[in-house]
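# what's the 3D shape of this:
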Amino acid sequence: MSGSRKGGVLVARVMPETEVRVETRHLDGGEAVPNNPDLPVLVLRGALDAGAGPEAVTARLEKSGWGGTWVWGVFEYHHYHPNAHEALAVASGHALLMLGGPEGRTVEVSAGDVLVLPAGTGHCQIEASGDFRVCGAYPPGQEDYGTIQAEEPPDPSVRDRIAAVPLPRTDPVHGGTGPLLDAWGGK
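A predicted model of the protein is given here:
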C-alpha cells in the first residue's frame, strides 16, 4: 500500500485501481462516553464498491478475518462497546452519524464508506435514508461485544477495559495490509 496527502487527508492506494481517502478523528472523552484516549476513529471513504450490497460487503469483512457480522442500521441512541473495536461498512444508502457521544461530532457516510471505531467510541444514528444498511464486524476474539448506553452511569473500570482491548491484526477491508494497520499499528 502506498499513499500521499491531499489537503490534510491521507489518500491510500490499496489496489492499483482504488484510492481510499482515510480520515482520522481523535475524540475526547465525555461524562457519558469515554471514547478511546489512544486510537482515532478511521473513516475510509470509498473503501468498498458502493453497489456491492450487504452480502458482498459481509463476505469481504469475513475474508479479512473480522467476524460476528450483522446487517442492520445504527442504534438511534448514544452507545459504545467497552470490549471490542468495531467496523461499520455502509452497504447501501447514506446516514448522518454522531461519533463521540452527546458532545461528539457528526459524520456523513454513504455506500462504500467504512468506519473503524476503536473500543469505547460513542456512536449514534441521527438520520438515515430509507435504504441505509450497514454491515458490522469485529476482530477475532471480540465478537461477543458488550454495549453500554450513554444514559447508563459509566462503571469506574470501563476505561481499563477499553485500554485492555487488543489491537486488530488485520484491516477489516484489506486483510493483512491497509489503512487500519498503518494508523493503529497492530501486527
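
# Using the three-state scheme, assign residue 101.
Here residue 101 is coil, with the state taken from DSSP: H, G, I helix; E, B strand; the rest coil.

# Return the residues in contact with it.
Residue 101 sits next to 30, 32, 33, 35, 78, 80, 122, 150 when contact means Cβ atoms under 8 Å, 6 or more residues apart in numbering. C-beta: built from backbone N, CA, C; applies to glycine.

# just residue 105 next, same as before
Applying Cβ under 8 Å, 6+ apart, the residues contacting residue 105 are 25, 27, 98, 99.

# Those into a markdown table, with extra columns for distance to residue 109 and secondary structure?
Putting those into a markdown table (distance: Cβ to Cβ, whole Å; DSSP: H, G, I helix; E, B strand; the rest coil) gives the following:
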| residue | distance to residue 109 | secondary structure |
| --- | --- | --- |
| 25 | 12 | strand |
| 27 | 16 | coil |
| 98 | 12 | strand |
| 99 | 10 | strand |
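
# now for the biggest helix by length in the chain, which elements pack on it?
Secondary structure assigned by DSSP state H gives helix 54-63 as the longest helix of the chain. The elements that helix 54-63 packs onto, with contact taken as 3 or more Cβ pairs under 8 Å, 6 or more residues apart in numbering; DSSP states H and E, are strand 67-72, strand 86-92, strand 133-138.

# Any chance of a markdown table for those, columns distance to residue 47?
Formatted as a markdown table, the entries for the helices and strands packed on helix 54-63 read as follows, by distance: least, Cβ to Cβ, whole Å:
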| stretch | distance to residue 47 |
| --- | --- |
| strand 67-72 | 16 |
| strand 86-92 | 8 |
| strand 133-138 | 12 |
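
# And the contacts of residue 101, which is closest to residue 172?
Taking Cβ to Cβ as the measure, residue 172 sits nearest to residue 80 out of these, at 18.0 Å.

# what sits against the closest one?
33, 34, 35, 101, 119, 120, 121, 122, 123, 147, 148, 150.

# So the fourth one versus residue 40, what's the distance?
Read that as residue 101. Distance check for residue 101 against residue 40: by Cβ to Cβ, to the nearest Å, it reads 15 Å.

# Over to the second one?
Summarising the geometry, the distance separating residue 34 from residue 40, computed by Cβ to Cβ, is 15 Å.

# These two: who's more crowded?
Legend: neighbour count by other Cβ atoms under 10 Å for residue 34 and residue 40, higher for residue 34 (24 against 18).

# you'd agree that one is up against residue 157?
No - taking contacts as Cβ atoms under 8 Å, residue 34 lies outside contact range of residue 157: 11.0 Å.

# wait, is residue 159 part of a helix?
Yes - using three-state DSSP, the assignment for residue 159 is a helix.

# Skip the chain neighbours and tell me the closest residue to it.
residue 34 (5.5 Å; Cβ to Cβ, 6 or more residues apart in numbering).
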